[in-house]
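[1] Next one to model:
(2 chains)
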Amino acid sequence: MIYSDLKTLSRALHEKRISSVELARLFLDRVTRLNPELNAFITVDEEKTIAAAKAADQRLAAGSAGMLTGIPLAEKDLFCAEGWLTTCGSKMLQNFVSPYDAAVVTKLEREAGMVSLGKVNMDEFAMGSSNETSWFGAVKNPWDKTCVPGGSSGGSAAAVAAYLAPVATGTDSGGSIRQPAAFCGLSGIKPTYGIVSRYGMVAFASSLDQGGVIAHSAEDCALVLSAMAGFDERDSTSLERPAEDYSRLLGQPLDGLKIGLPKEFFGEGANAEVVSAVLLVVEEYKRLGAKIVDVALPNSHLSVPVYYVIAPAEASSNLSRFDGLRYGYRAPDCNDLSEAYTKSRAEGFGAEVKRRIMIGTYVLSHGYYDAYYLKAQRVRRLIADDFRKAFRECDVILGPTSPTTAFNIGERTSDLVALYLSDIYTIAVNLAGLPGLSIPSGFDGQGLPIGLQLIGNYFDEARLLNVAHLYQQATDWHTRRPQGF
Amino acid sequence: MTWEIVIGLETHTQLATKSKIFSGASTAFGAAANTQASLIDLALPGVLPVLNKGAVECAIRFGLAVEATVAEKSAFARKHYFYPDLPKGYQISQLESPIVQGGHLDIMVGQGEKSYEKRIRLTRAHLEEDAGKSLHEDFHGKSGIDLNRAGTALLEIVSEPDMRSAEEAVAYAKALHTLVRWIGICDGNMQEGSFRCDANVSVRRPGAPLGTRREIKNLNSFRYLKEAIEFETRWQIETLEDGGQFEQATVLFDPATGETRAMRSKEDAHDYRYFPDPDLLPLLVSADWIEREQTALPELPAAKRQRFISDYGLSAYDAAILTASLEMADYFEAAVRASIPAAAKLCANWVMVDLAARLKREDREISEAAVNATQLGGLVMRIMDGTISNAIGKKVFDALWAGEGSDADEIIEKHGLRQITDSGAIEGLVDEALSANPVSVSEYKAGKEKAFNALVGQVMKAAKGKANPQQVTELLRQKLASG
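    Here you go, the predicted model:
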């Protein structure tokens, strides 16, 4: 049962072959047994989980259950959930119990009736690409426990890859859903900016952050995304559009779909094994009826530097509220206000967060703002323009998700540029606000998963998911399991 | 050599919206500390601001009222600084593209004959949120924080440095205070901090470039505004005349000592790291929206002032007094409607003198006047048609105020106050007075005009004030001349 896809789980629940409580217990038992090897979960609260499962069972019994009612999930620990510790992977919020629900939590748990198994680990405040910056320790990749699972949604990816949860929520500001999905052999989608409400999703970089899903298949992603997306008047950047069923196009033939290959994504930085695996996928798509065209994203090499101006600028501002006064960590024995601020923030934030706050503070400072922040915003528009032009030539853009497969824990902690470059293919998508997804497309020589990225035009999630789905119908990478799980 | 004083004001007006500018929390004043702070006002992790349309409406209305440009597109920016009453660590404000750009306010400075009109240009007005309050008393070495006010909508109105004296600054502040209440965007309650001014003050030799300015923060009464500017300008002039210099600085006014003192200099000014708030989309104001607000706008003080002058023949000064508040202007016009247009000047006098004095004595607002406009109009009408004299009018007014009748006519009847206009009756009274006061008569004949007034007084006393004064005067003069 634990290896089943969401549709199968849903059918079993609706046909009463298993109860939501039983299903939750199956996964909770695995969490208890296997999480110590992975460190994927920060908070597990059996009582809360079982209570939610019981409520789901009542809905199932009453006939008021939906497709996802009773299905367990893991929540990335930056979605505020009432009564749950919500840490963002930080010492700063190690004691913060949220008094309210994020929009995503309301939609998935309260409305769709999914059952939270707990809150999963992440890079501190979503700042990282390896899940090594968490105050609660590094997360391990189920495919190789000496490797990182990717980040920042590393706990989400590790939990799903190890079948500690059938699906998990994630957030993606520069690749934080797609890169860990790629590193852990999973499917993950970051939708168009504004599709999923950011209300209650602790902000890292507001203009880039977007909630999404990490699951085994594109089909599972489609089901959960349909339940979590939708207009929310509490988020001014939420887009007022009618609700969508993102699985509505699943199974439709590809006939004549034009897939664009940007040469910039197959350049020198990309690992040869990754490139050849991705090119094999291209062959598969040709067989499925797609046309391949070359496209150019000439400014994409600027996306990493632009991102590391804009994201820290917004982060330095967003994280100002963590001052230890109203909630969160407060340094003990402070004599005055200034000391309370400086010590609480110095002790409460980790090194990467502090680095980005300093970069962000610098680029927003008087005299530097024009040269850094404004210029970055201008380049950001150029990057978005590249995509707009490319989508005149093609329907979907295809390339690797990350230049390499998962790297070793500790390997890049002192080489930050190398670490930042692991998001080189994903960041531009956030800067443009486009939807992107990653699906597994093979393994390297060490048996580590390789991820393939598909980028769609604005609001083209349904088509994007179908393109991924058809590939998964023709292949079985997404059903492979890591040894020991 | 003389000095020229240069003043510009920045005024924070608290907008009269029911809820805060970016959250749904109530803005009612006086609630128990921290009971009106929502998750958003407390800046919990993950919360987001949503702009209150009511605050935008207030800003548009203000822009229209001062004939400014209401920006089709404006933006919100974050202004960063750490302080316990600023929960997010930044204030959402507008920097580069404020919603109201330019505009002007015409003010009346001084009183009576010496009064003059002046146009003060406005630089801009922008929307922003207020901070909470830090409470430094009552906590024994600690500070309390009340976040009820955090997130309250403010319109910061910035003037050009067009004022040249404390008197002009106060006149401007009063005119602005009138206007924001007039158009219903601010309750104007200065004790509760709904209307607070920062004054930028500098001095220079006439014709010289602007001198170094110092900004006096947070003046929440017209008196403090005046005293602070007067002290500050004296201090600046004395310092410069003594050969000294001073730096650009922010200063605080201490009402207890009447002095200003420097709070921080330019060197330790904050770098607020403004940048566009990524949580809020640019604010778009359509032509339709502006049109709707324009239609809903009441007649403005300046227009009303002009109309009072042209329609009612009032002096500019009287018109300015009567348009000091919408309530007073409405009262005046209702009184005129209850009498006749020709009585407008008399109505104006009654409102500005008798009614105003009474209100002041009883510390009441015009809305709490015990004599309403219709009653006053009826009273003025009876003076106009000669039923009673102006002096008797005051008695009628007092009686109305005391609730002794529902209108002037009832009081006049009840107390028999109808003026004696029968010339036979008046003549009898005049004769009596002349024969009873021979000394006055001979003094008058000796050229003492004062004696004449004494005789008039005697007649009126005998008539219990009810004799028509004009008739009395005429008859007396006739008799004295012939006798």
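[2] Specify the local secondary structure of residue B:218.
    For residue B:218, the secondary-structure state derived from DSSP: H, G, I helix; E, B strand; the rest coil is strand.
[3] The closest residue to it other than its chain neighbours bridge partners, please.
    With C-beta to C-beta, 6 or more residues apart in numbering or on different chains as the criterion, residue B:218 has its nearest non-adjacent residue at 5.6 Å, and that residue is residue B:196. All C-beta spots, glycine's among them, are computed from the backbone N, C-alpha and C. As for beta bridges, residue B:196 partners with residue B:12 under DSSP bridges.
[4] Please verify my assumption that residue B:196 contacts residue B:189.
    No. The pair residue B:196 and residue B:189 fails to qualify as a contact (C-beta atoms under 8 Å) at a distance of 10.7 Å.
[5] Mind checking which of these two has more residues around it?
    A side-by-side neighbour count of residue B:196 and residue B:189, using other C-beta atoms under 10 Å in any protein chain shown, places residue B:196 first with 19 against 14.
[6] do you know how far the more buried one is from residue B:107?
    19 Å (C-beta to C-beta, to the nearest Å).
[7] Contact residues of the stretch 151-300 of chain A facing chain B?
    Those residues of the stretch 151-300 of chain A that sit near chain B, judged by C-beta under 8 Å from any C-beta of the partner chain, are A:198-203, A:205-207, A:233-237.
[8] If we use 7 Å, what do you get?
    Within the stretch 151-300 of chain A, the residues that sit near chain B (C-beta under 7 Å from any C-beta of the partner chain) are A:198-203, A:206-207, A:233-237.
[9] Buried ones among those residues?
    A:198-203, A:206-207, A:234-237 (16 or more other C-beta atoms under 10 Å in any protein chain shown).
[10] In contact with residue A:137, which residues are there?
    Contact analysis of residue A:137 by C-beta atoms under 7 Å, 6 or more residues apart in numbering or on different chains lists residue A:39.
[11] is it true that it lies in a strand?
    No. Assignment of residue A:137 by three-state DSSP gives coil, placing it outside any strand.
[12] Which of the helices or strands spans residue A:59?
    helix A:46-62 (DSSP states H and E).
[13] quick one: residue A:116 is in a helix?
    No. Assigned with three-state DSSP, residue A:116 falls outside any helix and is strand.
[14] quick one, what contacts residue 454?
    All of this is about chain A. Remark: with contacts taken as C-beta under 7 Å, 6+ apart, residue A:454 is in contact with A:396, A:398, A:436-437, A:464, A:467-468.
[15] wait, I meant chain B there
    So, once contact is read as C-beta under 7 Å, 6+ apart, residue B:454 ends up touching residue B:440.
[16] make it 8 Å
    Residues near residue B:454 by C-beta atoms under 8 Å, 6 or more residues apart in numbering or on different chains: B:437, B:440.
[17] Next: the one 4 residues further on.
    Shown here is residue B:458, whose contacts under the criterion C-beta under 8 Å, 6+ apart are B:433, B:436-437, B:440.
[18] sorry, back to before: enumerate the positions of the helix holding residue A:59 that are buried.
    Within helix A:46-62, the residues that qualify as buried by neighbour count (16+ other C-beta under 10 Å) are A:48-50, A:52-57, A:59-60.
[19] Cheers, nothing more for now.
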